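Participant: Next comes the sequence, and after it the predicted model I'd like to discuss.
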Amino acid sequence: MPDPGEPSTRQEGWPATIYHMNAMDPLAPEGGARPAFNHSFGAAALERYRPPPVPHPAGRVWRAADRATSPSEGPARRLYIDWLRGVAVLCMILWHAVDSWHVREGRDTAMFGGVIFLAGWAAPLFLFLAGVSLPLAGLARIARGADRRTASVALINRGWQVFLIAHLFRLQSFLFNPNASWNALLKPDILNILGLGLVMTAFAWGRATNRTGRLLWLLLPTLVVVVMLAPLAPTWSWPALLHPRLEAYIRPVGNYGVFSLFPAVGYVFAGAFVGGLLAEGRSTTEAWFHSRGALWGSGIVAASVALAFAPMPPAVEFWTAELAIVAGRVGAMLVMLALSWFLLRTRPPGRRSPLIVFGQTSLFVYWVHVELAYGSFSYTLRNALTLPWALAAYLLLTVVMFACAVLWLRRSPGPVVPSHMVPSRRHGPNPPAAAVYWA
């Protein structure tokens with residue numbers, strides 16, 4: 001999604017409080033319809049340069065040729081983040097299609113295990129990339145004149161919006177499923193965890209004003225979540241006093257939740273730490289950053305594998321098991337981020353690159369494809385296909401969703417709620433109208 005709370009274009013008489021909905025990344029300059037300020041010039045450039053408003057390119061997918069190479073050329077967009085988010089979308093569709101349509105038998109084969117492995121990258125990538133994009137979105141606001149506290153509050157509000165969208169999604173699923181129970185509305189899923197993770201991370205980013213602040217407010221919470229809270233959460237007794245749907249936010253509780261906060265929010269904090277280094281680097285280029293990121297990521301993966309397979313007492317393994325998994329994934333995602341930057345640098349994508357289209361419309365794709373995969377539209381396919389046929393159906397669903405995503409990008413911009421129907425909170429003889437804008 002674009003950076004939260006700001007219009008992609010300022011229409012006559014519209015206030016600044018205009019909300020957007022686009023990509024699974026709910027905040028970043030990388031996820032919205034308008035390109036973001038190029039932060040590779042460091043924090044000092046933010047004080048010297050204030051980019052002018054950029055008209056909303058309705059329905060346009062930004063090409064590599066559109067990227068700015070100097071502050072005077074205006075805002076730029078890091079397309080490789082969209083591209084990598086598009087990879088996560090493909091993994092997400094893969095799992096939902098196969099999980100819904102594959103027969104219950106034969107799920108213990110090596111081929112099905114490969115599907116699980118590939119699909120398992122979707123959620124960590126979405127969470128990590130949302131964290132990476134958060135500092136970029138915050139500094140884009142600062143570049144437009146906001147202070148850090150105001151930018152942090154706006155990002156916190158955006159996190160709450162994502163949390164609300166998660167419940168609206170559940171409400172739609174409840175209304176379209178006659179067999180659903182009312183407490184399914186509270187089932188924590190990826191959007192619930194993402195929204196709360198953004199709220200916490202945006203609060204921390206607002207206080208991470210320098211290198212020491214990034215270590216204390218972004219990296220340290222990652223370690224606390226992964227090393228301490230994730231292992232301890234299953235041992236706590238007090239969550240059992242909550243409704244199972246609420247307990248599932250804290251730890252896995254059967255089928256009452258899909259994701260829990262621990263260790264999932266650790267990916268958001270880790271991504272924000274990486275995004276802070278990328279956005280606020282004073283003397284580094286992106287080539288330098290991603291080359292070092294690939295080296296660090298490879299080293300983290302190697303250390304995580306060694307930690308996972310090293311013999312150790314159960315008392316020590318209790319604290320290190322989750323760390324090995326999360327650290328290994330974060331290291332691998334650092335390598336993926338560097339590879340995506342390198343691929344798009346050597347071969348710029350076309351205007352309708354499928355992965356970039358998916359990356360820029362990932363929330364829309366998520367919302368629609370889940371209903372197609374699990375809803376009444378494909379009821380006859382439910383647990384009815386062998387794995388080869390389920391994979392063929394996955395490819396067909398991917399093509400359908402790409403067509404829908406392109407149409408979504410081509411739609412005409414405009415307010416969902418007409419401005420004359422939204423009461424203004426301002427007082428005066430001619431208060432400006434409010435509007436809700438979906439970009």
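Facilitator: Thanks, I have the structure now. All values reported here derive from a predicted model rather than from experimental measurement.

Participant: Strands of the chain, start to end?
Facilitator: In the chain, the strands defined using DSSP state E lie at 415-417, 436-437.

Participant: Which of those comes out lowest on mean pLDDT?
Facilitator: Mean pLDDT across these is lowest at strand 436-437; the value there is a mean of 36.

Participant: Can I get stretch 181-195 as CSV, trimmed to CA atoms?
Facilitator: Only the C-alpha atoms of stretch 181-195 are listed here, as CSV (Å, rounded to 0.1, in the frame of the first residue of the first chain):
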residue,chain,number,x,y,z
SER,A,181,-19.7,-19.4,13.3
TRP,A,182,-19.8,-15.9,14.7
ASN,A,183,-16.5,-16.2,16.6
ALA,A,184,-14.8,-16.8,13.3
LEU,A,185,-14.9,-13.0,13.0
LEU,A,186,-12.1,-12.9,15.7
LYS,A,187,-9.8,-15.5,14.1
PRO,A,188,-6.3,-14.0,13.9
ASP,A,189,-4.9,-14.3,10.4
ILE,A,190,-2.0,-12.7,8.6
LEU,A,191,-3.6,-9.2,8.3
ASN,A,192,-4.5,-9.2,12.0
ILE,A,193,-0.9,-9.9,12.9
LEU,A,194,0.5,-7.5,10.3
GLY,A,195,-1.7,-4.7,11.5
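
Participant: what's that stretch in contact with?
Facilitator: For stretch 181-195, the external contacting residues (Cβ atoms under 8 Å, 6 or more residues apart in numbering) are 24, 26, 123, 126-127, 130, 159-167, 169-171, 173-174, 243, 245-246, 248-249, 256-261, 264-265, 268, 366. C-beta: built from backbone N, CA, C; applies to glycine.

Participant: Show me which residues of it are buried.
Facilitator: Going by neighbour count (16 or more other Cβ atoms under 10 Å), the buried part of stretch 181-195 is 186, 187, 188, 189, 190, 191, 192, 193, 194, 195.

Participant: Run the chain-centre distance for it.
Facilitator: 16 Å (Cα atoms, centre = their mean, to the nearest Å).

Participant: and if you look at stretch 226-238?
Facilitator: From the chain centre to the centre of stretch 226-238 is a distance of 25 Å (Cα atoms, centre = their mean).

Participant: what's in contact with it?
Facilitator: Stretch 226-238 is contacted by residues 239, 250-252, 260, 262-263, 266, 318-323, 326-327 when judged by Cβ under 8 Å, 6+ apart.

Participant: hmm, 10 Å instead?
Facilitator: Under the criterion Cβ atoms under 10 Å, 6 or more residues apart in numbering, residues 221, 224-225, 239, 247, 250-253, 260-267, 269-270, 317-327, 330 lie in contact with stretch 226-238.

Participant: What is the neighbour count of the spatially closest residue to residue 389 that is not a sequence neighbour?
Facilitator: Leaving aside its sequence neighbours, residue 389 sits nearest to residue 101 (Cβ to Cβ, 6 or more residues apart in numbering; 8.0 Å). Here the number of neighbours of residue 101 (other Cβ atoms under 10 Å) works out to 25.

Participant: if we can go back for a sec, narrow the contacts of stretch 181-195 to those in helices?
Facilitator: Counting by DSSP state H, the contacts of stretch 181-195 place 123, 126-127, 130, 159-167, 169-171, 173-174, 245-246, 261, 264-265, 268, 366 in helices.
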